[in-house]
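> The sequence and its predicted three-dimensional model are supplied below.
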Amino acid sequence: MESQGLLVARVALGCGNFGGIGSAPEFFGGGLTDDQAFELMDAAWAVGITHFDTADAYGGGRSERAIGRWIASRGVRPTLTTKTFNPMEAGGDHGLKPERIARQLRASLDRLGVASVELYLAHDYDPDVPLTETLAAFRDAVGQGLIGGYGVSNFTAAQLLAALEAGTPQAIQNNHSLLAREDETGVLPLCAERGVAYLAFSPLAGGWLTGKYRRDQPYPAGSRMTQRPEPYRDLVADRTFDALDRLRRIADGRGMSLAGLALAWLLADYRISQIVIGPGRPEHLTPVTEALDNPLTGQERADVLAATGVTL
């Protein structure tokens with residue numbers, strides 16, 4: 001899908017669990033091993049997912065290095081998104097100062113083994129650095145041929161508007177799913193109005209929309225709720241389990257998984273340019289195929305949303 005001249009794949013493979021659990025230093029060295037990451041990248045490539053999403057701090061650089069080794073060993077080149085803001089190690093420096101962006105970008109390219117990446121994002125908002133300086137550094141990187149486009153991540157509507165006034169970010173990557181719809185009233189309308197590509201991460205709400213978490217049952221070993229549950233604690237409520245029961249019935253009626261239905265709901269929104277999925281195993285890619293093969297109409301999308309207890 002194209003926005004502001006930026007062309008992004010409809011689905012990206014999120015690589016935040018390669019060698020860690022996102023950017024959390026306490027999990028660096030955990031997550032998927034290189035062998036597991038290679039198996040997942042092979043499977044994603046085989047089903048046509050050719051855009052990989054990573055960040056310099058994912059696994060403390062381990063994610064980018066795994067992708068770089070995979071590219072070198074397979075002789076293929078996915079399109080790439082990477083990001084910077086978070087520290088690469090516990091207590092390390094962070095932020096969006098121009099000199100740090102230049103240093104981090106060069107290091108990311110080295111780890112990935114590529115001359116440039118298609119999209120580079122500010123991984124979070126930095127209140128200590130003027131957006132004009134950050135965006136100027138990104139424009140310089142475009143001029144040097146190091147990145148194809150740039151944008152932001154984890155920005156509120158007000159922060160995105162400020163970025164648009166300070167420069168021309170082409171994309172925003174935020175948390176968005178059937179169970180996390182904070183961007184519905186601010187960020188998404190702004191993106192549609194200003195032609196900013198909206199990239200949705202955590203489209204399955206940390207596994208909640210796969211159906212793996214059941215009422216009054218322990219969380220599965222190794223699941224996100226046993227490793228890094230903090231972002232999803234608000235979902236531990238009867239209203240969530242009731243909504244999941246209703247969504248599961250809709251999915252069953254369509255002959256697809258709950259995860260496939262949740263992804264199809266996102267893909268049916270014209271304002272969303274890309275969904276970033278972060279599967280743990282190759283078989284977790286099946287819902288993507290289901291979603292692409294079973295598109296929702298506008299009314300079906302409204303019915304799915306209503307099943308969560310919210311109407312359009």
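The structure has been received and is ready for your questions.
> can you give me the end-to-end distance of stretch 280-292?
One end of stretch 280-292 sits 20 Å from the other (Cα to Cα, to the nearest Å).
> who's residue 6 bridged to?
Counting by DSSP bridges, residue 6 is bridged to residue 3.
> how many other residues sit next to it?
20 (other Cβ atoms under 10 Å). Backbone N, C-alpha and C define where each C-beta goes, glycine included.
> what do you get for residue 275?
Count around residue 275 with other Cβ under 10 Å applied: 26.
> which phi and psi does it have?
Backbone torsions of residue 275, given as degrees, to the nearest 10, read phi -110, psi 140.
> same thing with the one 10 residues further on?
The phi and psi values for residue 285, taken as degrees, to the nearest 10, are phi -80, psi -20.
> What's the separation between it and residue 267?
Residue 285 sits 15 Å away from residue 267, going by Cβ to Cβ, to the nearest Å.
> more crowded one of these two?
residue 267 (22 against 19).
> didn't the more buried one look like it was pressed against residue 274?
No. Between residue 267 and residue 274 there is no contact under Cβ atoms under 8 Å: 9.8 Å.
> Now residue 9. Nearest residue, chain neighbours left out?
Using Cβ to Cβ, 6 or more residues apart in numbering and skipping residues adjacent in sequence, the residue nearest residue 9 is residue 51, 3.8 Å away.
> and the gap between the one you found and residue 44?
9 Å.
> Mutual contacts of the two, please.
residue 13 (Cβ atoms under 8 Å, 6 or more residues apart in numbering).
> neighbour-wise, which of those two wins?
residue 44 (23 against 19).
> surely that one meets residue 15?
No. Counting by Cβ under 8 Å, residue 44 does not reach residue 15; the two are 9.6 Å apart.
> overlap in contacts of these two?
residue 52.
> about what we covered before: please report the distance of the residue nearest to residue 9 from residue 10.
9 Å.
> Skip the chain neighbours and tell me the closest residue to residue 148.
residue 118 (4.4 Å).
> quick one: secondary structure of the one you found?
At residue 118 the chain is in strand, as set by DSSP: H, G, I helix; E, B strand; the rest coil.
> How many residues are close by it?
18.
> Per-residue pLDDT of it, please?
According to the prediction, residue 118 has pLDDT 98.
> Tell me which helix or strand comes right after the helix or strand harbouring residue 37.
If you go by DSSP states H and E, residue 37 is part of helix 34-46. On the C-terminal side of helix 34-46, the closest following helix or strand by DSSP H and E is strand 51-53.
> So in that sheet, which strands flank that next one, and in what orientation?
Here, using DSSP bridges, strand 51-53 pairs with strand 11-14 (parallel), strand 79-84 (parallel).
> tell me the mean pLDDT over the following helix or strand past the longest one?
In this case it means strand 79-84. Once strand 79-84 ends, the next helix or strand along the chain (criterion: DSSP H and E) is helix 98-112. Taken as a whole, helix 98-112 has a mean pLDDT of 98.
> now helix 98-112, how far from the chain's geometric center?
Centroid separation for helix 98-112 versus its chain: 20 Å, with Cα atoms, centre = their mean, to the nearest Å.
> got the contact list for it?
Here helix 98-112 has contacts from 54, 56, 61, 64-65, 67-68, 71, 80, 82, 84, 93, 115-117, 120, 133-134, 136-138, 140-141, 146-147, using Cβ under 8 Å, 6+ apart.
> Please enumerate the strands of the stretch 151-300 of the chain.
Secondary structure of the stretch 151-300 of the chain by DSSP state E, counting those that start in this stretch: the strands cover 171-175, 197-201, 272-277.
> Using JSON lines, lay out the ones you listed together with distance to residue 248 and mean pLDDT.
Listed next are the strands of the stretch 151-300 of the chain as JSON lines, based on distance: least, Cβ to Cβ, whole Å; pLDDT from 0 to 100:
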{"stretch": "strand 171-175", "distance to residue 248": "22", "mean pLDDT": "98"}
{"stretch": "strand 197-201", "distance to residue 248": "21", "mean pLDDT": "98"}
{"stretch": "strand 272-277", "distance to residue 248": "19", "mean pLDDT": "98"}
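> Please identify every residue contacting each of residue 267 and residue 274.
Once Cβ under 8 Å, 6+ apart is applied, the residues that residue 267 and residue 274 both contact turn out to be residue 10.
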